[in-house]
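Enquirer: for reference, the sequence and a predicted model appear below.
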Amino acid sequence: MKMIKKTLLALLVLFVIAQFFAPEKNEGDLASIEAFLKETNPPEDVKLILKETCYDCHSDFTRYPWYNKITPVNYWLADHINHGKKHFNVSSWAANSTKRKDHKFEELIEMVEAKEMPLNSYTWTHTEAKLTDAQIEAVVDWAKKVRLKYGLEPKPE
C-alpha cells in the first residue's frame, strides 16, 4: 500500500511540474487567411463553415479551448494542429503552385464528402463544426468551382 501511495504522489508531482511546460501556440491572425479567401472566393455561408470547422487546424490562427492549458492535452492538440497544417494550410496558400492548390482542393472534396473532415476528435468538443448534408454540399460545390478555376489557369512553361 505504501508503494502505491508513493507512486501516486510521484505521478502527481510530475503532473504538476509538467504544467509549467507547453508547446508553442499557433497564434497568428485572421489576416493570414485573406489571400486564400481572395483567391478562392467562397460564398458567405462557406466562409462561416471554414471559420467554424477548418481554420483551427488548417491555418496560422487557432482558437484554443480552455483544456489546452492542461499538459499533456496541449501537446496532443499541438500535434493535431501541426499535422493539419502540414497537409492543408490556408495561411500559406499563396506559396503553393497551381497544381498543388488543385490537388489540395481535390483532397478537400474527398475528405468532406467522406465525412472524414472535420475529424471526429474535433467535433466531439466543437459540436458547431459537425457538418450537415447541406453544408457538405455547399463546401463541395464551392471547392469544385475553385478546381475549375485552377484547371483553366494557364500552365507555366
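Expert: The structure has been received and is ready for your questions. On a predicted model such as this, the values are computed, not experimentally measured, just so you know.
Enquirer: how long is stretch 60-74 from one end to the other?
Expert: Looking at stretch 60-74, the gap from its leading to its trailing residue is 16 Å under the measure Cα to Cα, to the nearest Å.
Enquirer: what residues sit buried inside it?
Expert: Buried residues in stretch 60-74, defined by neighbour count with 16 or more other Cβ atoms under 10 Å: 60-62, 68, 71, 74. To be clear about C-beta, it is placed using only N, CA and C from the backbone, and glycine gets the same treatment.
Enquirer: pick out the lowest-pLDDT one from those residues.
Expert: Comparing pLDDT over the buried residues of stretch 60-74, Asn68 scores lowest. The value there is 73.
Enquirer: that one and Ile33, how far apart?
Expert: 21 Å (Cβ to Cβ, to the nearest Å).
Enquirer: what's the helix or strand for the residue nearest in space to the middle of the chain?
Expert: Using Cα atoms, centre = their mean, the residue of the chain that lies closest to the mean C-alpha position is Cys57, 1.9 Å off. Element membership of Cys57 [criterion: DSSP states H and E] is helix 55-58.
Enquirer: elements contacting the next helix or strand after that helix?
Expert: Once helix 55-58 ends, the next helix or strand along the chain (criterion: DSSP H and E) is helix 73-87. Judged by 3 or more Cβ pairs under 8 Å, 6 or more residues apart in numbering; DSSP states H and E, helix 73-87 is in contact with helix 55-58.
Enquirer: run the chain-centre distance for the helix it packs on.
Expert: The offset between the C-alpha centroid of helix 55-58 and the centroid of the whole chain comes to 3 Å, using Cα atoms, centre = their mean, to the nearest Å.
Enquirer: now do it: which elements does it pack against?
Expert: Secondary elements touching helix 55-58 (3+ Cβ pairs under 8 Å, 6+ apart): helix 73-87.
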